[in-house]
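*Asks:* just to be clear, the model below is a prediction. Sequence and coordinates:
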Amino acid sequence: MRLHVADHPLIAHKLTVLRDVRTPSPIFRQLTEELVTLLAYEATRDIRTESVEIDTPVAHTTGTALAEPRPIVVPILRAGLGMLEGMTRLLPTAEVGFLGLQRNEETLEAITYANRLPDDLTGRQCFVIDPMLATGGTLVSSIEYLFERGARDVICVTLLAAPEGLRTVQDAIGDRADVTIVTAAVDDHLNEKGYIIPGLGDAGDRLYGVVD
Ligand code: URA
C-alpha cells in the first residue's frame, strides 16, 4: 500500500474550512467538490495513457490520451457521493460505479447492500472515493470486493485518514496489489465512537444533513 498526503496550501485551507463546525452544508458540499478536484489531480498522477497521432491546425504530432479500458470511479455510499462531482470534473470520461456497505453490528462484518459495478474489472484502474478513512473496515471490504472482480490497481481518495485505519488497510492488503491512498491529511487518532480527531465530524451528515 502506498500513502500520498497531498501537501498543498490550498488543500490545507479548504480542509480547515471543512473542519470548522460553523461551515454550513451548502458551503461544505461546494468545498468538498473543490478539494476533491485538487486531490484527484494527485490521485491520477499514474493514470494509464497511450500515445495518439493528431493534427494540430499547423502540424502533425504525437499526443497523449487516456488508455482503454476507461478508469472507473466508485463512490462508497452515502458520503462518497459528495465527492463524485469533484472527481468526474477532472475525469469526465470515467465510468461511475457505486458500492454501498453497511456494518453488521453483531458480526462487525461489512455487508454489501448496493452494488452497481461491472462483474469484470480486470485491467481497470479503480478510484474509490470515501471522505473518511476511520477504522478502515469499509475501505478494506471495498478493496476486497474490487479484487474479487479482478481489479489490481486501486486508488482510494479520502479527505481525512486516521492512523488506525491506515494500519488496518496496510495489514489487510499488504503488498498484494497496487493500492494507493491519497488523502488531504492524516489526523491524530480515533475516539471511542470511531470519529476521527480532530476530524470534521460525520461527513455524511455535514454534506446532506442528519437523517432521523
Ligand atoms: N465517518 C465520519 O463521517 N466521520 C468520522 O470522523 C469517522 C467516520
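*Replies:* Arrived safely.
*Asks:* endpoints of stretch 142-162, how far apart?
*Replies:* Counting by Cα to Cα, to the nearest Å, you get 17 Å between the two ends of stretch 142-162.
*Asks:* any buried residues in that stretch, and which?
*Replies:* Buried positions in stretch 142-162, judged by neighbour count with 16 or more other Cβ atoms under 10 Å: 142-143, 145-147, 149, 151-162. Any C-beta I mention is one placed from the backbone N, CA and C, and that applies to glycine too.
*Asks:* how far off centre is that stretch?
*Replies:* 8 Å (Cα atoms, centre = their mean, to the nearest Å).
*Asks:* now look at it and say if it contacts the ligand.
*Replies:* No: using Cβ under 6 Å from any ligand atom, stretch 142-162 stays clear of the ligand, coming no nearer than 7.3 Å.
*Asks:* sitting in strands, which of the buried residues of stretch 142-162 do you find?
*Replies:* 153-161 (DSSP state E).
*Asks:* looking at the residues you listed, which one is closest to the ligand?
*Replies:* Leu160 (7.3 Å; Cβ to the nearest ligand atom).
*Asks:* I'd guessed the closest one sits against Met132; true?
*Replies:* Yes: using Cβ atoms under 8 Å, Leu160 is in contact with Met132, at 5.7 Å.
*Asks:* overlap of the contact sets of these two?
*Replies:* 196, 199-200 (Cβ atoms under 8 Å, 6 or more residues apart in numbering).
*Asks:* who wins for most neighbours among the residues you listed?
*Replies:* Counting neighbours by other Cβ atoms under 10 Å, Ile196 leads those with 27 neighbours.
*Asks:* now do it against Thr183, distance only.
*Replies:* Ile196 sits 11 Å away from Thr183, going by Cβ to Cβ, to the nearest Å.
*Asks:* secondary structure element for the nearest residue to Arg19 once chain neighbours are set aside?
*Replies:* Spatial nearest neighbour of Arg19, chain neighbours left out: Leu200 (4.7 Å); criterion: Cβ to Cβ, 6 or more residues apart in numbering. Assigned by DSSP states H and E, Leu200 belongs to no helix or strand.
*Asks:* dig out what the closest residue to Asn104 other than its chain neighbours forms beta bridges with.
*Replies:* Nearest residue to Asn104 in three dimensions, chain neighbours excluded: Ile111, at 5.5 Å (Cβ to Cβ, 6+ apart). Beta-bridge pairing for Ile111 (DSSP bridges): Gln102.
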